[in-house]
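**Q** Kindly generate the corresponding structure for this input.
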Amino acid sequence: KYLELKTTLKMKKYLDDNNIKSRTGKNFSKGNLYKMLQNKTYIGLVHHKGNYYEGEHEGIIDKWTFNKVQELLEKNRNNNKNRIQSKSPSLLAGKLFDDKGNKMSPSHSNKKGKRYRYYVSQALVQGDRKNAGSVDKIPSGEIEKLVKSEIALFLKDKANIQKYITEFDVQKQKSILSTLSKFELNDNFIRSILAKVVLFKEKIEIIICKEHLIKALESVITNDLLLTEA
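**A** The predicted structure follows:
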């Protein structure tokens, strides 16, 4: 049915419209569906310590269908990623502030055929330089690279991440930590967990939303599309 409908969103609607529930009697979530569509138990395999082996049970899904589903899931993930990146070219739009509380908005200039991107304090944009922060303008690439680097280091600290996933069962915790070790950090993930970035002359404050971080950590194994607000 997924191969026919092409997306988990349409799949969920089909199940809801036909009153098809999970074994707990609830409607399926997109996370449930992603997990089921990638579950190798259905093709006769068993999971043990990070590896899959032929099980004693008979698969209920043929391997050709299962592999086609994986190809479609990967294609949809890439399409979602590209669509999000095209909508949000400025990683810190709406998230970056100077040390006087002014929002720093994306801007650009063109010199000798080259395009240069910046974040500029709204105080400066509005001609109120005296109320701008200690840093009122910064190249986008410079601050974005720093934020990405710091968040990447944060996610690699397993002991630190463990504190945020204690509510999940042990198997889910292990799966999240294992996936994070090879996780490709993307702009959508970063924006989903960032509450605010404050730019000082001597330092940068990166503030992460705990609630959004927990949801984002779960998303690395469910492949759910994270939705963010500017």
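**Q** For the rest of this, base every contact and every neighbour count on C-alpha atoms.
**A** OK.
**Q** in the protein, which segments are predicted with low confidence?
**A** 79-89, 223-230 (pLDDT under 70).
**Q** Give me the residue at the spatial middle of it.
**A** Nearest to the geometric centre of the chain sits residue 189, at 2.7 Å (CA atoms, centre = their mean).
**Q** need the contact list for the closest residue to residue 63 other than its chain neighbours.
**A** Spatial nearest neighbour of residue 63, chain neighbours left out: residue 43 (6.2 Å); criterion: CA to CA, 6 or more residues apart in numbering. Neighbour list for residue 43: 58, 59, 60, 61, 62, 63, 66 [criterion: CA atoms under 8 Å, 6 or more residues apart in numbering].
**Q** Not counting its own residues, what contacts stretch 147-158?
**A** Against stretch 147-158 from outside (CA under 8 Å, 6+ apart): 160, 161, 177, 180, 181, 185, 190, 206.
**Q** Now flag whichever of the residues you listed is closest to residue 108.
**A** Using CA to CA, residue 190 is the member of the contacts of stretch 147-158 that lies nearest residue 108, at 22.1 Å.
**Q** burial count for the closest one?
**A** Using other CA atoms under 10 Å, the number of residues around residue 190 comes to 20.
**Q** before we move on, the earlier item: gap between the residue nearest to residue 63 and residue 37?
**A** According to CA to CA, to the nearest Å, residue 43 and residue 37 sit 11 Å apart.
**Q** shared neighbours, the two?
**A** By CA under 8 Å, 6+ apart, the residues touching both residue 43 and residue 37 are residue 66.
**Q** Look up how far residue 99 lies from the nearest residue to residue 123 once chain neighbours are set aside.
**A** Spatial nearest neighbour of residue 123, excluding adjacent residues (CA to CA, 6+ apart): residue 132 at 5.1 Å. Distance of residue 132 to residue 99, given as CA to CA: 8 Å.
**Q** Repeat that for residue 148.
**A** 20 Å.
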